[in-house]
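Novice: Quick one: sequence plus predicted model below, questions after.
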Amino acid sequence: MWSRSVQGLTEKRAMRQLPENIKVLYFASDCVEPYVEIITVKDSKRRLSLCGSEGSEAEEPEYQEEVDDVIPILSDHSQLLEDHHLVRLAAHMPARTQGYPWQLVYSTAVHGSSLKTLYRNMADLDSPALLVVKDVHKKVFGAFVSDPFKISKYCYGTGETFLFSFSPDFQAYRWSGENSYFVSGDLESLRIGGGEGVFGLWLDADLYHGASISCPTFHNAPLSTHEDFIVQDVEVWTVQY
């Protein structure tokens, strides 16, 4: 009789109104308070995003909020990147860049159209870079590169490098593993991705003419709607560690 009374009292305690973030898992014994687990709102959303199916529309808002936490913060105004661009790029940025602000180091609107100036502005830097191009057809695309742009006789960079395009929908083209022609450049042109005589993204010395062709490094589609294009604007951003 006594044990039943205690059990009833314990259950009544558990039945009291509990805060929304407390969940009763089980009763350890008749004389012990129930075992509870504190579940924060953020933990709950994280569990949904981890356990749910990748394509579930119902869980997309929770996933979106998780991504928002690592959206690159731009320390300067961008004429090319908007919030929806940053949201899509964030999911492909390496972990070592997350949580750090991005600084504008080169812009055709500010510095003029010169590949030489782009190299000079990055000469003393040692951090990843984000190249963003907008052509005269209003298409936005570019590349994330693991190392700052520089004049080099040989290709440089790592498998973190990738190409991307927002034309018409967002696509990221990661390293295929077929070759290591990530980045190369001289005073005549800047080249990202290559093999078989073509480049994933090519810009001339005046940052006026460009080209983008499917290349072995990334197995990318052309980043613009035209393989050969005229550049309207270029921006280069680097991480501020």
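Specialist: Done, it's in.

Novice: What is the least confident helix or strand in this protein?
Specialist: helix 41-51 (a mean of 35; mean pLDDT, DSSP states H and E).

Novice: Kindly state the pLDDT recorded for the spatially most central residue of the chain?
Specialist: The geometric centre of the chain, computed from its C-alpha atoms, lies nearest to residue 90 (C-alpha atoms, centre = their mean), at 2.3 Å. For residue 90, the model assigns a pLDDT of 91.

Novice: bridging residues for the closest residue to residue 218 other than its chain neighbours?
Specialist: Take residue 218 and drop its neighbours on the chain: the residue closest to it by C-beta to C-beta, 6 or more residues apart in numbering is residue 173, 4.1 Å away. For glycine as for every other residue, the C-beta is placed from the backbone atoms N, C-alpha and C. With beta bridges defined as DSSP bridges, residue 173 has these partners: residue 163.

Novice: Now do the same contact list for residue 173.
Specialist: By C-beta atoms under 8 Å, 6 or more residues apart in numbering, residue 173 lies in contact with 162, 163, 164, 200, 218, 219, 220, 221.

Novice: make it 6 Å
Specialist: Counting by C-beta atoms under 6 Å, 6 or more residues apart in numbering, residue 173 touches 162, 163, 218, 220.

Novice: I'd like the residues you listed as a markdown table, with distance to residue 226, neighbour count and pLDDT appended.
Specialist: Shown next, in a markdown table, are the contacts of residue 173 (distance: C-beta to C-beta, whole Å; neighbours: other C-beta atoms under 10 Å; pLDDT from 0 to 100):
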| residue | distance to residue 226 | neighbour count | pLDDT |
| --- | --- | --- | --- |
| 162 | 21 | 25 | 98 |
| 163 | 16 | 27 | 98 |
| 218 | 18 | 28 | 98 |
| 220 | 15 | 26 | 98 |
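
Novice: out of those, who's nearest residue 205?
Specialist: residue 163 (20.9 Å; C-beta to C-beta).

Novice: where's the closest one relative to residue 212, distance?
Specialist: 8 Å (C-beta to C-beta, to the nearest Å).

Novice: Show the residue spans covered by the helices in the chain.
Specialist: For the chain, applying DSSP state H gives helices covering 2-15, 41-51, 60-68, 83-90, 108-111, 115-121.

Novice: Which of those has the lowest mean pLDDT?
Specialist: For the helices of the chain, mean pLDDT drops lowest on helix 41-51, to a mean of 35.

Novice: Output the longest strand belonging to the chain.
Specialist: Looking across the chain with DSSP state E, the single longest strand is strand 228-239.

Novice: Relative to that one, what are the paired strands and their orientations?
Specialist: strand 101-107 (antiparallel), strand 129-135 (antiparallel), strand 209-211 (antiparallel).

Novice: tell me which residues of that strand are tucked away?
Specialist: Across strand 228-239, burial judged by 16 or more other C-beta atoms under 10 Å covers 229, 231, 232, 233, 234, 235, 236, 237, 238, 239.

Novice: which among those gets closest to residue 119?
Specialist: residue 236 (10.2 Å).

Novice: ok, the closest one to residue 145 distance?
Specialist: Residue 236 sits 9 Å away from residue 145, going by C-beta to C-beta.

Novice: Touching both of the two, which residues are there?
Specialist: residue 129.

Novice: Can you list the low-confidence ranges for this protein?
Specialist: 1-70 (pLDDT under 70).

Novice: For burial, what's the neighbour tally of residue 196?
Specialist: 10 (other C-beta atoms under 10 Å).

Novice: and the closest residue in space to it that isn't next to it in sequence, how many residues sit next to it?
Specialist: Of all residues not flanking residue 196 in the chain, residue 216 sits nearest, at 6.1 Å (C-beta to C-beta, 6+ apart). Other residues lying near residue 216 total 17 when counted by other C-beta under 10 Å.

Novice: Would you check that residue 147 makes contact with residue 157?
Specialist: Yes: Residue 147 is within contact range of residue 157, at 5.4 Å (criterion: C-beta atoms under 6 Å).
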